[in-house]
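*Asks:* coordinates only, no sequence provided:
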């Protein structure tokens with residue numbers, strides 16, 4: 001497992017995290033299984049593990065996530081990063097593409 005250093009609180013769940021279009025920021029990883037109880041925990045672990053992800057997806061002055069990333073839970077966009085996740089939930093982090 002990728003993040004063995006995560007402390008278990010007894011409330012954490014196994015969450016599938018899909019990263020389509022972000023492999024260049026995650027050392028080639030496109031899918032992870034993480035123990036986390038909410039999206040903030042997932043983002044925190046990803047910021048620690050992947051410096052390119054942290055540097056490109058978060059404002060260095062505020063620490064806030066840039067709006068270029070849409071996060072979904074079970075296929076539905078969410079902006080409540082503290083909402084409790086359930087065991088088996090699928091989280092996807094999708095970069096916003098634009099152009100024409």
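*Replies:* Nice, I can see it. Predicted model, so just to flag it, every value in this text is computed and none were measured. Numbering: from 1, shown residues only.

*Asks:* list the strands paired with the host helix or strand of residue 15, with their directions.
*Replies:* Assigned by DSSP states H and E, residue 15 belongs to strand 13-18. When pairing is defined by DSSP bridges, strand 13-18 lines up against strand 31-36 (antiparallel), strand 90-95 (parallel).

*Asks:* tell me the mean pLDDT over the first one?
*Replies:* Yep, that's strand 31-36 we're talking about. Mean per-residue pLDDT for strand 31-36: 92.

*Asks:* name the residues of the helix or strand just after that strand that are buried.
*Replies:* Later in the chain than strand 31-36, the nearest helix or strand by DSSP H and E is helix 39-49. By neighbour count on 16 or more other CB atoms under 10 Å, the buried set for helix 39-49 is 39, 41-43, 45-47, 49. All C-beta atoms are positioned from the backbone trio N, CA, C, and that covers glycine.

*Asks:* what's the answer for stretch 60-78, then?
*Replies:* In stretch 60-78, counting by 16+ other CB under 10 Å, buried: 65, 69, 71, 73.

*Asks:* can you check stretch 51-58 too?
*Replies:* Quick answer for stretch 51-58 (16+ other CB under 10 Å): 53-54, 57-58.

*Asks:* so where's this protein uncertain?
*Replies:* 1-12, 99-100 (pLDDT under 70).

*Asks:* can you rerun that using 50?
*Replies:* 1-9 (pLDDT under 50).

*Asks:* so what's the gap between stretch 54-68 and the chain middle?
*Replies:* 13 Å (CA atoms, centre = their mean, to the nearest Å).

*Asks:* CSV for the strands paired with strand 13-18, including distance to residue 84 and mean neighbour count?
*Replies:* CSV is the format used below for the strands paired with strand 13-18 (distance: least, CB to CB, whole Å; neighbours: other CB atoms under 10 Å):
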stretch, distance to residue 84, mean neighbour count
strand 31-36, 10, 18
strand 90-95, 13, 18
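
*Asks:* of those, which is nearest residue 21?
*Replies:* Ranking the strands paired with strand 13-18 by distance to residue 21, with CB to CB as the measure, places strand 90-95 first at 4.7 Å.
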